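Asks: sequence plus predicted model, see below.
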Amino acid sequence: MNQENPMKAQVLVEDVWKSFDRGRIEVLKGVTLTVPEGQIVALCGVSGCGKSTLLNVISGLEEVDSGNVRVSGHDVVHESTRIDLLRHHIGYVFQFHHLMPDLTLAENCLVPLIAIGGNRADGLARLQELATATGIQHRLTQRVRDLSGGERQRGALVRSLMNDPELLLCDEPTGALDESNRSRVFDLLLELVRARGRTLVLATHDPDLASRCDRTLKMRDGRIEGETHG
């Protein structure tokens, strides 16, 4: 593993253990990971190896049993810190978009801005910028239930970037798409992240997508067992 300077780390995970069902199901087993600012990292491995859980403990959506997690220099231990990180520092793109079907695409994308009490005019300008970059500007007034899978996932990407997060976490963000849309959405993801110099940690089972990242970490049975560089 690379021994990056922790002072420059966007993500620092130290000896993290996580289990479920009162400790009977161990999912993460002593995971240690450093992701420097601006790096794009892929987590690879079969379903159940711990990729999604690792993303969730980095984001603060799941509390660890033991170990330490720091994001943007903040210790992810207190609830107030986790909420602040999710609102201001972390964007999350899920495999299944998690958009609200009866709201318009624009309304869905503006939810993160509303959560922090942001300026509406600035938010609308940013929405137009991101929607244009992802090619969905003409669909913003449509209800999510009327959109295609690719349009919904691009909308989820826009929503995750609305507050200009320093760290973007993506859990199989193209896994529910067909091959054509999968490539298109991933191209957009990399373009947007690299253009803004942001940090990305991506869980994927697709070796072709992983090969386009700066580093690929192989997970197996709750541990990181090796890494390659792009």
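Replies: Good, I have the coordinates. Numbering: from 1, shown residues only.

Asks: neighbours around D102, how many?
Replies: Using other C-beta atoms under 10 Å, D102 has 10 neighbouring residues. In short, each C-beta sits where N, CA and C put it, glycine included.

Asks: with Q10 instead?
Replies: 24.

Asks: ok, now which ones touch S160?
Replies: G91, Y92, V93, P112, L168 (C-beta atoms under 8 Å, 6 or more residues apart in numbering).

Asks: can you name the residues bridging to the residue nearest to the spatial centre of the chain?
Replies: For the chain, the residue nearest the mean C-alpha position is L169 (1.4 Å; C-alpha atoms, centre = their mean). With DSSP bridges as the criterion, L169 is bridged to Y92, V201.

Asks: that one contacts V57, doesn't it?
Replies: No - contact criterion C-beta atoms under 8 Å: L169 and V57 do not qualify, at 10.6 Å.

Asks: state the distance from the residue sitting furthest away from the middle of the chain to L61.
Replies: Residue farthest from the centre of the chain, counting by C-alpha atoms, centre = their mean, is R24 at 27.6 Å. According to C-beta to C-beta, to the nearest Å, R24 and L61 sit 21 Å apart.

Asks: just to revisit the earlier point, separation between the residue nearest to the centre of the chain and L200?
Replies: From L169 to L200 the distance is 8 Å (C-beta to C-beta).

Asks: do the same with S59
Replies: 13 Å.

Asks: shared neighbours of these two, anything?
Replies: With C-beta under 8 Å, 6+ apart as the test, S59 and L200 both reach L169.

Asks: convert the C-alpha atoms of stretch 60-68 to CSV, please.
Replies: Extracted C-alpha coordinates of stretch 60-68, given in CSV (Å, rounded to 0.1, in the frame of the first residue of the first chain):
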residue,chain,number,x,y,z
GLY,A,60,-20.5,8.0,8.0
LEU,A,61,-23.7,6.2,6.9
GLU,A,62,-22.4,3.3,9.0
GLU,A,63,-20.6,3.5,12.3
VAL,A,64,-17.5,1.4,12.7
ASP,A,65,-17.0,-1.2,15.5
SER,A,66,-13.4,-0.1,15.9
GLY,A,67,-10.7,1.8,14.1
ASN,A,68,-10.6,5.4,12.8
